[in-house]
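K.L.:
Sequence below, structure please.
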Amino acid sequence: MPRYQTRQLPQAAAEGGVAAVDRALLLLKAFRQGDGVLTLTELAARTGLVKSTALRLLASLVHAGFLQKRGQGYALSSEISRLQAVYAASFSLGEVVMPILRRLSVETQESAALHVRQGEQRLCLYRVDSPQPLRDHGRVGDLFPLDRGSGGRVLMAFSGAEGEIYDRIRRDKSIMVSADRVPDLAGASSPVFDAAGQLVGALTLIMPMTRRHPSHQVAVREAALELTLRLGGSPHLFG
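P.N.:
Next up, the predicted model:
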């Protein structure tokens, strides 16, 4: 039995594309968070490519600077870092975050926000207000406690905080709390990660306790996973 689950190998190139390029990209996409060096056997197993085909494609990727030969295996190389730097320089976080916040708010009819850590506090970086008249009145730029509220709890959990609640957040990748920061308010939050697996912030839904529902926790976790994927993060970060 192979150690890794195999991918379904594309039967043909993308329309107007080249099959060999599609297969070479499969090899690059086979690298996951935490991987260092992968052997030919591991890469073939992850992509579904036969070893002889994978070997030829790997030679081209090494020649182009996307991979480097290291011992008995292969590792990502400097060209990946260069492209990441180019991407980061042209990237606006808000262009990715805001559509997801808007959709999350429309689907749940609650306020949606992205909080980031700022020292020993958390900052509301982006926000979409609930369309309902009864809602909280936080604003972009507001600072909140780091140790209270669902967003703060998530930021603390992935900054190494200890305790049962933080262990549960790291396990479930989400949390819902009530009256943790403000009486009569509830919140549901999930972590958002970037391509390097680093925490970007906490995606949060805020609602009156009277409208709290388990579906809010599910919705915010799904949205956080989508945002993580759009930022280049791995689905494996969500288990």
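K.L.:
pLDDT score assigned to residue 174?
P.N.:
Looking at residue 174, its pLDDT is 97.
K.L.:
same thing with residue 17?
P.N.:
Reported pLDDT for residue 17: 74.
K.L.:
do the same with residue 83
P.N.:
Taking residue 83 on its own, its pLDDT is 79.
K.L.:
list the helices and strands the helix or strand of the chain with the lowest mean pLDDT packs on?
P.N.:
In the chain, no helix or strand scores lower on mean pLDDT, DSSP states H and E than helix 78-89, which sits at a mean of 76. Contacts defined by 3 or more C-beta pairs under 8 Å, 6 or more residues apart in numbering; DSSP states H and E place helix 78-89 against no helix or strand at all. Bear in mind the C-beta positions are built from the backbone N, C-alpha and C, glycine included.
K.L.:
Quickly find the element holding the residue lying closest to residue 230 once chain neighbours are set aside.
P.N.:
Leaving aside its chain neighbours, residue 230 sits nearest to residue 96 (5.1 Å; criterion: C-beta to C-beta, 6 or more residues apart in numbering). Assessed by DSSP states H and E, residue 96 sits inside helix 93-108.
K.L.:
Just give me how far the helix or strand following that helix sits from the chain centre.
P.N.:
Tracing the chain past helix 93-108, the next element assigned as helix or strand by DSSP H and E is strand 111-118. Here strand 111-118 is found 15 Å from its chain centre; the criterion is C-alpha atoms, centre = their mean, to the nearest Å.
K.L.:
And for stretch 19-32?
P.N.:
Computed by C-alpha atoms, centre = their mean, the separation of stretch 19-32 from the middle of its chain amounts to 20 Å.
K.L.:
List of residues touching stretch 137-145?
P.N.:
111, 113, 115, 118, 121-127, 151-152, 181, 206 (C-beta atoms under 8 Å, 6 or more residues apart in numbering).
K.L.:
Please consider this matter closed, and thank you.
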